[in-house]
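In: sequence and predicted structure, then a few things I'm wondering about:
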Amino acid sequence: MSENEAEYVAIGPEIPKEMLRAQANVILLTILEQGDNYIYGILKTVRAVSGGEFEIPEGTLYALFKRLERDGIVESYWGDESGGSRRKYYRMTAQGRSNMQLAGESWRKVDAMIEKIKSGSYSETTDKNPVS
């Protein structure tokens, strides 16, 4: 499997795999906003917050973090061996925090668009670039 062919497992019908695939980076980075974490800790968090309905296979997480690290979004370091085996931890960089702020703004805009469509509270005359 290549880095572009990430595998996701949606266990319940409520969470489409395509939606989670599109938001995987935001999910992972949101976890890292809470503090540095390691692969198994991230897997447990994803499983817990999704109520067990979504899992990212461990190999897929490693591929995602490899790409995020290469892109300067996260950085990794080796933690202490105090609790057993040595763990590789990930943390968000300043660039990652900046990207998350932009992603949050984009998310709010998309959410607002969906709410306007659902409520019918929009005007077709506000289109700045009409399609002809």
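Out: Yep, that arrived. Numbers count the residues shown, from 1 in each chain.
In: can you point me to the longest helix in this protein?
Out: Longest helix in the chain by number of residues, with DSSP state H as the criterion: helix 94-119.
In: who are the packing partners of that one?
Out: When contacts are defined as 3 or more CB pairs under 8 Å, 6 or more residues apart in numbering; DSSP states H and E, helix 94-119 packs onto helix 17-33. The C-beta positions use only the backbone N, C-alpha and C, and glycine is treated the same way.
In: which positions in the helix it packs on come out as buried?
Out: Buried positions in helix 17-33, judged by neighbour count with 16 or more other CB atoms under 10 Å: 20, 24, 25, 27, 28, 29, 30, 31, 32.
In: partners of whichever helix or strand comes after it, with directions?
Out: Downstream of helix 17-33, the next assigned helix or strand under DSSP states H and E is strand 37-38. When pairing is defined by DSSP bridges, strand 37-38 lines up against strand 88-92 (antiparallel).
In: with just CA atoms, put the strand it pairs with into PDB.
Out: In PDB, the C-alpha atoms belonging to strand 88-92 read as follows (Å, rounded to 0.1, in the frame of the first residue of the first chain):
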ATOM      1  CA  LYS A  88       8.200   7.200  19.300                       C
ATOM      2  CA  TYR A  89       6.200  10.300  20.100                       C
ATOM      3  CA  TYR A  90       4.800  12.800  17.700                       C
ATOM      4  CA  ARG A  91       4.100  16.500  18.300                       C
ATOM      5  CA  MET A  92       2.700  19.300  16.100                       C
END
